[in-house]
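Novice: how would this look folded up:
(2 chains)
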There are 2 protein chains.
Amino acid sequence: MIHFNYIDWFGFSAALLTTIAFLPQLYKTWKTKSADDVSLIMLILFITGLVCWIIYGLKINSIPIVIANVITFIFNFSILILKITYSENKKIK
Amino acid sequence: MIHFNYIDWFGFSAALLTTIAFLPQLYKTWKTKSADDVSLIMLILFITGLVCWIIYGLKINSIPIVIANVITFIFNFSILILKITYSENKKIK
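Specialist: Below is the predicted model of the structure:
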């Protein structure tokens, strides 16, 4: 059986928090139908970085890196799609 | 001399991109004086996660984890301060 020490739990908490953090952002964007204040460049750079993390994780066979970054990618890619959609809708109006 | 393979470069690119991504968000927030669309819960969860990453990095003696997360912490903490400040200013007006 694997035993985790308190240092490992800081790692797990860190990975969990920096992953689920984007869920309230996704919810807020969907609820308010607005993401004007969210930087498009940030989303593009961050998503590109997440893709690099996923490739890196796959190459070094690190399941935690892959899982955490795939989830974060899904949240951020969804925020990006919503931002572009709402921005287009505003232009049409 | 240390030699890096192409897998390492994916790791470096990943760390760099997911760190500097928050600089355009910080600039945009400062420029527009608004961060209403940026989720406060996201910032709090993310910053708490970054603090856990920094502690974890220090405990396992990983300089890259510490440096990347300290920089990301500085950017996100600044965005949080600006968001609270601009939100308070709007209330006064």
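Novice: if I pick A:Thr32, what's in contact with it?
Specialist: B:Asp37 (C-beta atoms under 8 Å, 6 or more residues apart in numbering or on different chains). For glycine as for every other residue, the C-beta is placed from the backbone atoms N, C-alpha and C.
Novice: how about it, phi and psi?
Specialist: Phi and psi for A:Thr32, reported as degrees, to the nearest 10, are phi -90, psi -10.
Novice: quick one: the most centrally placed residue in chain A from B:Ile2, how far?
Specialist: Closest to where the C-alpha atoms of chain A average out (C-alpha atoms, centre = their mean) is A:Thr72, at 2.7 Å. Here A:Thr72 is placed at a distance of 29 Å from B:Ile2 (C-beta to C-beta, to the nearest Å).
Novice: quick one on the thing from earlier: so the residue nearest to the centre of chain A, which state does it fall into?
Specialist: helix (DSSP: H, G, I helix; E, B strand; the rest coil).
Novice: same deal with A:Asn61?
Specialist: Criterion first, three-state DSSP; result for A:Asn61: coil.
Novice: Show the pLDDT at it.
Specialist: What the model reports as pLDDT for A:Asn61 is 90.
Novice: Any figure for the gap between it and chain B?
Specialist: Applying C-beta to the nearest C-beta, to the nearest Å, the value for A:Asn61 to chain B is 11 Å.
Novice: quick one: average confidence on the helix or strand A:Gln25 falls within?
Specialist: Assigned by DSSP states H and E, A:Gln25 falls within helix A:22-32. Helix A:22-32 shows a mean pLDDT of 97.
Novice: residues of it that come out buried?
Specialist: Buried positions in helix A:22-32, judged by neighbour count with 16 or more other C-beta atoms under 10 Å in any protein chain shown: A:Phe22, A:Leu23, A:Pro24, A:Gln25, A:Leu26, A:Lys28, A:Thr29.
Novice: contacting residues around the second one?
Specialist: Yep, that's A:Leu23 we're talking about. A:Phe75.
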